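Visitor: what shape does this take:
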Amino acid sequence: QVQLAESGGGLVQAGGSLRLSCTASRRSFSVYAAGWFRQAPGKEHEFVAGMSWRDDSTSYADSVKGRFTISRDNARNAVALQMNDLKPEDTAVYYCVADDTFSAVTTTPMYWGQGTQVTVSS
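Guide: So this is what the prediction gives:
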């Protein structure tokens, strides 16, 4: 079982930046693929970014490519999401996710954090 905890959300103006961090308990991220989903009010969960532990390959939603970067820190048992040039449409609750496979992390991840709110004002 993996427990995930996000931090770093908040309120930022359009064009600004935020960095989300996610730490894992009990088991190291080095044996999982990890990523981020988000859910805006009234909408379904949406894949944002994912990272494979096998070869460090990454995947991003088209809406965030070139603006968001996912990275990991095995020493801290953490994965981060650097979000630059934020837009009002990025406003959502962001969830850290993990699974045994990269494909599952980008579609139907098994493990979810509690979520952290990101609000971008125009």
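
Visitor: list the contacts of the residue positioned nearest the centre of the chain.
Guide: Centre of the chain computed as the mean C-alpha position; nearest residue by Cα atoms, centre = their mean is W36, 2.5 Å away. By Cβ atoms under 8 Å, 6 or more residues apart in numbering, the contact set of W36 is L20, C22, V48, A49, G50, I70, L81, Y94, Y95, C96, V97. C-beta here means a position set from N, CA and C on the backbone, and glycine is covered the same way.

Visitor: this protein: strands as residue ranges?
Guide: Assigned by DSSP state E, the chain shows strands spanning 3-7, 10-13, 18-25, 33-39, 45-51, 58-60, 68-73, 78-83, 92-99, 111-112, 116-121.

Visitor: can you put those in TSV and add mean pLDDT and distance to V105?
Guide: Formatted as TSV, those follow (pLDDT from 0 to 100; distance: least, Cβ to Cβ, whole Å):
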stretch	mean pLDDT	distance to V105
strand 3-7	92	12
strand 10-13	98	25
strand 18-25	92	12
strand 33-39	96	4
strand 45-51	97	4
strand 58-60	97	9
strand 68-73	93	10
strand 78-83	95	10
strand 92-99	96	5
strand 111-112	94	9
strand 116-121	98	18
